[in-house]
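# My questions concern the predicted model and sequence given below.
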Amino acid sequence: MADFDQQLDASGLNCPLPILRAKKTLNAMSSGQVLHVVATDPGSVRDFDAFAKQTGNQLMESKEDGGKFHFLIKKS
Amino acid sequence: MEDKKLAIIATKGSLDWAYPPFILASTAAALGYETQIFCTFYGLQLLKKKPKLEVTPLGNPGMPMPLGMDKWFPVLGLALPGMQGMMTAMMKKKMQDKGVASIEELRELCLEAEVKLIACQMTVDLFEMDTDDFIEGVEYAGAASFFEFAGDSDICLYI
């Protein structure tokens, strides 16, 4: 997994909380910084893809590891 | 590019039906939509400072019942006093266990994201509701002002 500036643990949270928490965290970050989100909600895989497409933030990586989903999002 | 707009009419005042408006509004706001929820009739319950929202299994054959209760308690049993309160408590517990946000939390996230909550003035008057019971920031308006926003919206939902 590439470097990141901030991490958000959204484990155990269900739709739409992982997205809402990620959005809130990104709001406090600066352009170009990378957020690492960890989630357990399987729906979050498609949701983070859709979130990135609609907000212009770049989804650099999306992978599953040991039952958890990891996302790297670069703030636009 | 101008922000997209989402207009929602919320008409229902039960715990389960309180979720769609707040989930969609909070998510839309996170995606950059300008969002309004117009609350009318039983949807006004969503605006109360302390919403007392419940679920009912009555007239709701799609509701999954725990422990095969639907077999042990056919329709008349579901109308017993206390059944609605019990089902509500079980639903809230289940939601908490599954990491589903509470209605109050989702509503708070909506307000933080500047989702506008509008109360239908006509139904507030009809039900003689005390506006002191509603949360801060609610606006009061009618059908014409809904159309002013909804007419320009990209998505418009009746829930």
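That came in fine, so what should we check first? All values derive from a computational prediction rather than experimental measurement.
# Give me the pLDDT value at the residue nearest in space to the middle of chain B.
Chain B has residue B:18 as the residue nearest its centroid, 2.4 Å off, counting by Cα atoms, centre = their mean. In the prediction, the pLDDT value recorded for residue B:18 is 97.
# okay, residue A:2: pLDDT?
79.
# actually residue B:73, sorry about that
As summarised for this prediction, residue B:73 has a pLDDT of 68.
# And the one 5 residues further on, by the same measure?
As predicted, residue B:78 sits at a pLDDT of 74.
# could you measure it against residue B:105, distance?
Computed with Cβ to Cβ, to the nearest Å, the distance linking residue B:78 and residue B:105 is 29 Å. Heads up, the C-betas are built off the backbone N, CA and C, glycines and all.
# Same drill for the two, tell me which one is more crowded.
For residue B:78 and residue B:105, the more surrounded residue by other Cβ atoms under 10 Å in any protein chain shown is residue B:78, and the numbers stand at 19 against 14.
# Got phi/psi on the closest residue in space to residue A:9 that isn't next to it in sequence?
Nearest residue to residue A:9 in three dimensions, chain neighbours excluded: residue A:38, at 5.1 Å (Cβ to Cβ, 6 or more residues apart in numbering or on different chains). Summarising the backbone geometry of residue A:38 under the convention degrees, to the nearest 10, its torsions are phi -110, psi 130.
# Report how many residues lie close to residue A:38.
Residues within reach of residue A:38, counting by other Cβ under 10 Å, total 16.
# coming back round to it: what residues are up against the residue nearest to the centre of chain B?
Taking Cβ atoms under 8 Å, 6 or more residues apart in numbering or on different chains as the contact definition, residue B:18 lies against B:10, B:12, B:45-46, B:51, B:53, B:103.
# can you tell me how far it sits from chain A?
Look at residue B:18 and chain A: by Cβ to the nearest Cβ, to the nearest Å, they are 14 Å apart.
# which of the residues in the strand or helix carrying that residue are buried?
Secondary structure assignment for residue B:18, by DSSP states H and E: helix B:15-30. Within helix B:15-30, the residues that qualify as buried by neighbour count (16 or more other Cβ atoms under 10 Å in any protein chain shown) are B:15-19, B:21-30.
# What of stretch B:79-92?
Within stretch B:79-92, the residues that count as buried by 16+ other Cβ under 10 Å are B:83-84, B:87-88, B:91-92.
# Keeping just the C-alphas, turn that stretch into PDB.
Provided in PDB are the C-alpha atoms of stretch B:79-92 (Å, rounded to 0.1, in the frame of the first residue of the first chain):
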ATOM      1  CA  ALA B  79     -51.900  -5.800  17.200                       C
ATOM      2  CA  LEU B  80     -51.300  -6.600  20.900                       C
ATOM      3  CA  PRO B  81     -50.400  -3.600  23.100                       C
ATOM      4  CA  GLY B  82     -46.700  -3.400  23.500                       C
ATOM      5  CA  MET B  83     -45.900  -5.300  20.300                       C
ATOM      6  CA  GLN B  84     -44.900  -2.100  18.400                       C
ATOM      7  CA  GLY B  85     -42.700  -0.900  21.200                       C
ATOM      8  CA  MET B  86     -41.000  -4.300  21.400                       C
ATOM      9  CA  MET B  87     -40.400  -4.400  17.600                       C
ATOM     10  CA  THR B  88     -39.000  -0.900  17.700                       C
ATOM     11  CA  ALA B  89     -36.600  -1.800  20.500                       C
ATOM     12  CA  MET B  90     -35.400  -4.900  18.600                       C
ATOM     13  CA  MET B  91     -35.000  -3.000  15.400                       C
ATOM     14  CA  LYS B  92     -32.900  -0.300  17.100                       C
END
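# Verify the stated contact: residue A:17 with residue B:99.
Yes - under the criterion of Cβ atoms under 8 Å, residue A:17 lies in contact with residue B:99, with a separation of 7.0 Å.
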